[in-house]
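Engineer: below: sequence and its predicted model.
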Amino acid sequence: MANSNHRKRSCFNQSLAHANTFERYQYIIQIAKPLDQLQDEVTDLVQIIALGLLVTTLLLILLSYGVAGRILKPIGVINRMARDISDRTLDRRIPLGKSRDELYELSGSLNRMFDRLQYSFDKQKQFIADASHELKSPITLFMLFMERALHRKDLPGSFKQRLMHQGNILRRMSRLVKNLLDLSALELKRNIDLKEVSLPSLLKSVLGDYEDVFAAKKIIVDMDIPENLAVRGDKDELQRVLINLVDNAIKYNRDGGEIRIKASKADQRVRLSLFNTGRGIPKADLDKVFEQFYRVEKSRSLRYGGSGLGLTIVKRIVELHGGTLEIESEPGAWTRVNVTLPAPAKPLREKIIQEKIV
């Protein structure tokens, strides 16, 4: 009985303690929420999701661009190398990648194709050189025969005229063969020995050889070149360039015309400009005048002679010197050829003075 009363008192005390604890803590039970507050939360949530999607999209685009660029970089290298390789640079090859994938196979196939092209080009150039060399001797013998035959006294006049005409044809063939030999040698040549050459001295020497021609056609020559101007090049090859350019300036000039030659130096480059009056060149033909055998007017072949290889030879020599060649013209008025060549590291006069002092 005593134990039962004790348990009842203990339960009562625990209930009283729980009641006191409940009084100390207050609880709020929300069974509804204002619609405006809910709409604001939804709007915030939509903005956060949209911003997250935008940032994720930008990151994916940047990542995709980087991955695509990394994947396409070898293709860009192959495309650039293939575009830069020309008949002048057929010895260049596309570098092979480290991984033996499809791009590796493509690069190898392209390189093998360039090998075949280079072999064909070299064989063609060698054939032209060999054929020109073989033609040189018989043409020379024919010309000697013509010269001896024309000196005979017993030849009929009409037959002598025909021999003279055939002799002119042989001389044109001889010039053509010589130009073909020169061009073939230049095409096969990969580099050139560059030395310091005085440009004014070289020009005066070339112009001196044409003094009688200038006087016959009453052409006025004006040369404006600094006395100490020098270029880096091969003297003999540069002389051929000047001879071809001056010869063209005379051929396609008018009687009583002008030839103006100017040169200047800037940024270790020498710019030579050769201007002549005359019929000029149509704009449509300016990009073609350096092609082999190309003529602005087909009738010029008979009127002026030549082989149509002069400017081709000039361009090749200038390229071997690491220079550039440009031509501009005003049809019916004038033509100007601009040549740029590398300049020596030091002025020519300073070097001469130093040699004298030593």
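Structural biologist: Yes, it's here.

Engineer: L272 contacts R336, doesn't it?
Structural biologist: No: using C-beta atoms under 8 Å, L272 is not in contact with R336; the gap is 10.8 Å. From N, CA and C alone the C-beta is placed, and that goes for glycine too.

Engineer: settle it for me: which of these two has more neighbours?
Structural biologist: Ranked by neighbour count (other C-beta atoms under 10 Å), L272 and R336 place L272 first, with 23 against 17.

Engineer: which is the next helix or strand following the helix or strand hosting R175?
Structural biologist: In the assignment (DSSP states H and E), R175 maps to helix 157-188. Past helix 157-188, heading to the C-terminal end, the next element that is a helix or strand (DSSP H and E) is strand 195-198.

Engineer: so how far is that next one from its chain's centroid?
Structural biologist: Centroid separation for strand 195-198 versus its chain: 26 Å, with C-alpha atoms, centre = their mean, to the nearest Å.

Engineer: helices of the stretch 201-350 of the chain, start to end?
Structural biologist: Per DSSP state H, counting those that start in this stretch, the stretch 201-350 of the chain carries helices over the ranges 211-217, 235-251, 300-304, 310-320, 348-357.

Engineer: for the stretch 151-300 of the chain, give me the ranges with low pLDDT.
Structural biologist: 188-190, 294-300 (pLDDT under 70).

Engineer: how about the contacts made by the closest residue to A129 other than its chain neighbours?
Structural biologist: Excluding the flanking residues, the one nearest A129 by C-beta to C-beta, 6 or more residues apart in numbering is S184, at 3.5 Å. With contact taken as C-beta atoms under 8 Å, 6 or more residues apart in numbering, S184 is in contact with K125, Q126, I128, A129, S132.

Engineer: how much space separates S184 from T312?
Structural biologist: The gap separating S184 from T312 is 11 Å, by C-beta to C-beta, to the nearest Å.

Engineer: next one: V318 from G52, what distance?
Structural biologist: When distance is defined by C-beta to C-beta, V318 is 63 Å away from G52.

Engineer: which one of those two has more residues nearby?
Structural biologist: For V318 versus G52, neighbours defined as other C-beta under 10 Å are more numerous around V318 (19 against 10).

Engineer: closest to I78 out of the helices of the stretch 201-350 of the chain?
Structural biologist: Evaluated over those, closeness to I78 peaks at helix 310-320, with 25.6 Å, by C-beta to C-beta.

Engineer: what angle sits between the closest one and helix 235-251?
Structural biologist: Calculated by axes from the mean of the first three to the mean of the last three C-alpha atoms, to 10 degrees, helix 310-320 forms an angle of 150 degrees with helix 235-251.

Engineer: identify each buried residue in helix 310-320, please.
Structural biologist: Residues G310, L311, T312, I313, V314, K315, R316, I317, V318, L320 are the ones in helix 310-320 that count as buried (16 or more other C-beta atoms under 10 Å).

Engineer: who are the contact partners of the last one?
Structural biologist: With contact taken as C-beta under 8 Å, 6+ apart, L320 is in contact with L186, K189, N191, I192, E237.

Engineer: contacts only, for the spatially most central residue of the chain.
Structural biologist: Within the chain, the residue whose C-alpha comes closest to the C-alpha centroid is D84; the distance, by C-alpha atoms, centre = their mean, is 7.9 Å. The contact partners of D84, by C-beta under 8 Å, 6+ apart, come to R92.
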